[in-house]
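Q: Any chance you can model this:
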Amino acid sequence: MLSAFVSAFRTPDLRRKILFTLGLIALYRLGAALPSPGVDYRAVQDCVKLVSGGESAGIYQLINLFSGGALLQLSVFAIGIMPYITASIIIQLLTVVIPRFEELRKEGQAGQTKMTQYTRYLSIALAILQATGLVALAARGQLLQGCQQDILADTSIFGMIIIVLVMTAGAALVMWFGEQITERGVGNGMSLLIFAGIAARIPIDGKNILDTRGGLVFGLVCAAVLAIIVAVIFVEQGQRRIPVQYAKRVVGRKMYGGSSTYLPLKVNQAGVIPVIFASSLLYLPNLIAQLTGSSTATEPSWWQEIIQKYLVNPSNPVYIAIYFGLIVFFTYFYVAITFNPEERADEMKKFGGFIPGYRPGRPTADYLNYVLSRITLPGSIYLGLVAVLPNVFLDMGNSGAVANLPFGGTAVLIMVSVGLDTVKQIESQLMNRNYEGFLK
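A: Numbers count the residues shown, from 1 in each chain. Presented below is the predicted three-dimensional model:
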């Protein structure tokens, strides 16, 4: 593997892509540590240390983990990549409902460009809403509950508008970073930014576990992380290979076809996207409840009590069940959007391919749909179990620690999946240049 990395850096264009990706990730981490104007940096740091690991940050801990700690510190990139992810969820859901979006999806590159444009517009609108919500919660002392300090140095309307505009601009810049990494760098830009945010918190939170829980608990956590990594790699590499035979055909004086290949269907066809989607949706109810509530109210309304009781504590059985169900749902939903058996069957029929034992066309599509549904079920259960198991077993008397733990199942799943995908992309580019890959 090290020799393959050496070969990658010896290739000029691939070296430029890797350095370009690392440069944008470094800029992203710099913006995540840069405080927004009007925010008392010292007070924020004191409050984060005070409420770290407790329930006061609640559901924000997981989103804060994705941003590498930028959310609760109200930095320039506090909103981070979440508006773009939420906009992608909404646009993909509307693709099933709105015929115009379905037509754009089938138009190829031109339609995809238009869909991306709609996603950007919606991302900016969501960024404004989320930034306004965060600033409002911070001004009312509800973002970091239990901290008595004023984390906003300027609570005037003009001062809060400036913070909202800066955070919105930061979210737009992060979105641009992700798109540039995808187009001109190596790997998926959005996933790599989330990867960088999670990896940035590992040393700090690892040291906190060692200091507060002791060496025994730290060793058990590391052993659990190693087991999760092995399980994730095993399932991520698993695939069902469907044999495909191409018939011989004569074009001019040459004969083409007659070859045998296979169509790989991964066990986890959806990747880590369902986990991110489910986390984003679970974040919204608590945000709405806090924004609609009043800091001077003596008692919250009935629906706010339900949200506080069931959708804030990550160790609550109802929270775990909803989280697991959302992951299973989004796994099937995302696979249905990204893999169309009818289109694959038509492509094979067009080029003279067929699956042995099945006629081209509709029978082939039905068979692909049957196999896909069979392997998606264990894939969705695997994603759900990896995401919720730390909530069940690693909650050692501290309900907020699980969601804030980079060693938890969700974080490990994202890091391993993104790492494997990035390594495969580098390997494929090396293969195109006749170099040895990572696997010999």
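Q: Quick check: residue 118 touching residue 91?
A: Yes: contact status for residue 118 versus residue 91: in contact at 6.1 Å, counting by C-beta atoms under 8 Å. Every residue, glycine included, has its C-beta placed from N, CA and C.
Q: More neighbours: which of these two?
A: Between residue 118 and residue 91, counted using other C-beta atoms under 10 Å, the more crowded position is residue 91 (18 against 15).
Q: I'd guessed the more buried one sits against residue 116; true?
A: No: with contacts counted by C-beta under 8 Å, residue 91 stays clear of residue 116, the gap being 9.0 Å.
Q: joint contacts of the two?
A: Counting by C-beta atoms under 8 Å, 6 or more residues apart in numbering, residue 91 and residue 116 have no shared contacts at all.
Q: Nearest residue to the middle of this structure?
A: residue 276 (4.0 Å; C-alpha atoms, centre = their mean).
Q: Can you tell me the closest non-neighbouring residue to that one?
A: Nearest non-adjacent residue to residue 276, counting by C-beta to C-beta, 6 or more residues apart in numbering: residue 85, 5.8 Å away.
Q: I'd like the distance between the one you found and residue 207.
A: 29 Å (C-beta to C-beta, to the nearest Å).
Q: Any regions of this structure where pLDDT drops low?
A: Scanning the chain for pLDDT under 70 picks out 1-4, 49-69, 142, 144-147, 248-258, 287, 290-300, 312-314, 390-409, 433-440.
Q: let's see it at 90
A: 1-18, 29-116, 129-160, 163, 182-324, 330, 333-369, 371-374, 378-379, 382-440 (pLDDT under 90).
Q: all strands of it, in order?
A: 239-246, 249-251, 254-256, 260-266, 353-354 (DSSP state E).
Q: my read: the residue nearest to the centre of the chain touches residue 84, true?
A: No: Residue 276 is beyond contact range of residue 84, at 10.8 Å (criterion: C-beta under 8 Å).
Q: Enumerate every residue touching residue 112.
A: 104-105.
Q: Same question for residue 175.
A: 81, 83-84, 120, 123 are the contacts of residue 175 under C-beta under 8 Å, 6+ apart.
Q: what's the spacing between the closest residue to residue 153 other than its chain neighbours and residue 16?
A: Among residues not flanking residue 153 along the chain, residue 40 sits closest, at 4.7 Å (C-beta to C-beta, 6+ apart). Going from residue 40 to residue 16 by C-beta to C-beta gives 41 Å.
Q: surely residue 382 meets residue 268?
A: Yes: using C-beta under 8 Å, residue 382 is in contact with residue 268, at 6.6 Å.
Q: Name the residues contacting each of these two.
A: With C-beta under 8 Å, 6+ apart, residue 382 and residue 268 have common neighbours residue 235.
Q: Comparing those two, which residue is more hemmed in?
A: residue 268 (25 against 21).
Q: quick one, what contacts that one?
A: Contacts of residue 268 by C-beta under 8 Å, 6+ apart are 235-236, 238, 379, 382-383, 417.
Q: out of these, who has the most neighbours?
A: Going by other C-beta under 10 Å, residue 383 tops these with 29 neighbours.
Q: Okay, that residue and residue 279: tell me how far apart.
A: For residue 383, the distance to residue 279 - C-beta to C-beta - is 12 Å.
Q: Mind listing the shared neighbours of these two?
A: With C-beta under 8 Å, 6+ apart as the test, residue 383 and residue 279 reach no residue in common.
Q: quick one, phi psi at the closest residue to residue 43 other than its chain neighbours?
A: Among residues not flanking residue 43 along the chain, residue 149 sits closest, at 4.2 Å (C-beta to C-beta, 6+ apart). For residue 149, the backbone dihedrals (degrees, to the nearest 10) come out as phi -80, psi 150.
Q: and residue 149, how many neighbours does it have?
A: Counted with other C-beta under 10 Å, residue 149 comes out at 13.
Q: just residue 122 next, same as before
A: Counted with other C-beta under 10 Å, residue 122 comes out at 18.
Q: residues contacting it?
A: 87, 90-91.
Q: 6 Å instead, please
A: For residue 122, the contacting residues are residue 87, by C-beta atoms under 6 Å, 6 or more residues apart in numbering.
Q: swap in the one 4 residues further on?
A: Under the criterion of C-beta under 6 Å, 6+ apart, the neighbours of residue 126 are 83, 86-87.
Q: Against residue 164, how distant is it?
A: 13 Å.
Q: now residue 181
A: Distance from residue 181 to residue 164, by C-beta to C-beta: 26 Å.
Q: okay, those two: which has more neighbours?
A: The residue with more neighbours, out of residue 181 and residue 164, is residue 181; 25 against 22, by other C-beta under 10 Å.
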